[in-house]
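Engineer: A structural model of the following input is requested.
(chains A and B)
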Amino acid sequence: EIVMTQSPATLSVSVGERATLSCRASQSISYNLAWYQQKSGQGPRLLIYGAHTRATGIPDRFSGSGSGTEFFLTVSSLQSDDFAVYFCQQYHHWPPITFGQGTRLEIK
Amino acid sequence: EMNLVESGGGLVQPGGSLRLSCVASGFTFRAYWMHWIRLVPGKGLVWVARINTDASTTSHADSVEGRFTISRDNLKNILYLQMSDLRDEDTATYFCTRDVTYGSGSFLDLWGQGSLVTVSS
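Structural biologist: Coordinates of the predicted model:
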């Protein structure tokens, strides 16, 4: 099973600033990585797939990068609506699909 | 509007059973593989089970194999998760999700709002 490790666990950033979240895979997963945003009381929302492709309706301030074992989600110019928990997920080796433990993005 | 709505969660004693349902609307349910994913406090998201379009193929996580069963009714547009012999560690919020098969695996492009299952005596 591929283990996904996200860092940091919590990231404090001010509105208008840039946030960069990290996700590392225990072995190479090529570009087979997705990012999700989850707000309290809601189901997660798909943001990015294929490591860098934005899902339908996702604003371009969200961008994904990386390949192999190192991946990043960057949120430029943070808005108040962006403060949430973010999860990465690999789908290179199946089953099972596996997720990182999440990064909480909070207002500084 | 595409939507997934879960129901059936609640408080259950260890060893008990529960059936979750997920009603799909706004898309052709029978055309999609579907998954159950759970959000475990302090642990994050964990894959539980997957089912193909006509229910001929299912997969379950090792941790629930033999205790949980995923199924679907394509006439009623409903996904199910039958859970039995529940344990404390099954306590989680359970999400119904829609599969997008991409390359060698799947990501999940539509999620329900979740159904809370609490296993406690």
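Engineer: gap between the residue nearest to the spatial centre of chain A and chain B?
Structural biologist: Central residue of chain A (C-alpha atoms, centre = their mean): A:W35, 3.8 Å from the mean position. The spacing between A:W35 and chain B, counted by C-beta to the nearest C-beta, to the nearest Å, is 9 Å. The C-beta positions use only the backbone N, C-alpha and C, and glycine is treated the same way.
Engineer: now the phi/psi pair for A:D82, please.
Structural biologist: For A:D82, the backbone dihedrals are phi -90, psi -10 (criterion: degrees, to the nearest 10).
Engineer: what is the burial count for it?
Structural biologist: Neighbour count of A:D82, defined by other C-beta atoms under 10 Å in any protein chain shown: 19.
Engineer: contacts only, for it.
Structural biologist: A:A19, A:Q37, A:R61, A:V75, A:L105 (C-beta atoms under 8 Å, 6 or more residues apart in numbering or on different chains).
Engineer: mind putting the residues you listed into JSON lines with pLDDT, neighbour count and secondary structure?
Structural biologist: As requested, the contacts of A:D82 are exported to JSON lines (pLDDT from 0 to 100; neighbours: other C-beta atoms under 10 Å in any protein chain shown; DSSP: H, G, I helix; E, B strand; the rest coil):
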{"residue": "A:A19", "pLDDT": "96", "neighbour count": "19", "secondary structure": "strand"}
{"residue": "A:Q37", "pLDDT": "98", "neighbour count": "22", "secondary structure": "strand"}
{"residue": "A:R61", "pLDDT": "96", "neighbour count": "13", "secondary structure": "coil"}
{"residue": "A:V75", "pLDDT": "96", "neighbour count": "23", "secondary structure": "strand"}
{"residue": "A:L105", "pLDDT": "96", "neighbour count": "21", "secondary structure": "strand"}
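Engineer: between those residues, which sits nearest chain B?
Structural biologist: A:Q37 (10.7 Å; C-beta to the nearest C-beta).
Engineer: name the residues of chain B found near chain A, please.
Structural biologist: Residues of chain B lying close to chain A by C-beta under 8 Å from any C-beta of the partner chain are B:4, B:39, B:43-47, B:50, B:59, B:61, B:95, B:97, B:100, B:102-114.
Engineer: can you do 6 Å?
Structural biologist: Where chain B comes near chain A, counting by C-beta under 6 Å from any C-beta of the partner chain, the residues are B:44-45, B:47, B:59, B:61, B:95, B:103-107, B:109, B:111-114.
Engineer: ok, the residue in chain A sticking out farthest from the centre to B:S106 distance?
Structural biologist: Distance from the centre of chain A peaks at A:P95, with 20.5 Å (C-alpha atoms, centre = their mean). Going from A:P95 to B:S106 by C-beta to C-beta, to the nearest Å gives 10 Å.
Engineer: for chain A, which residues are neighbours of chain B?
Structural biologist: Within reach of chain B by C-beta under 6 Å from any C-beta, chain A has these residues: A:32, A:34, A:42-44, A:46, A:49, A:87, A:91-92, A:94-97, A:99, A:101-102.
Engineer: how about A:H52: what's its closest non-neighbour residue?
Structural biologist: Nearest non-adjacent residue to A:H52, counting by C-beta to C-beta, 6 or more residues apart in numbering or on different chains: A:G64, 4.5 Å away.
Engineer: hang on, the earlier thing: buried only: go through the residues of chain B next to chain A for me.
Structural biologist: B:44-45, B:47, B:59, B:61, B:95, B:105-107, B:109, B:111-112, B:114 (16 or more other C-beta atoms under 10 Å in any protein chain shown).
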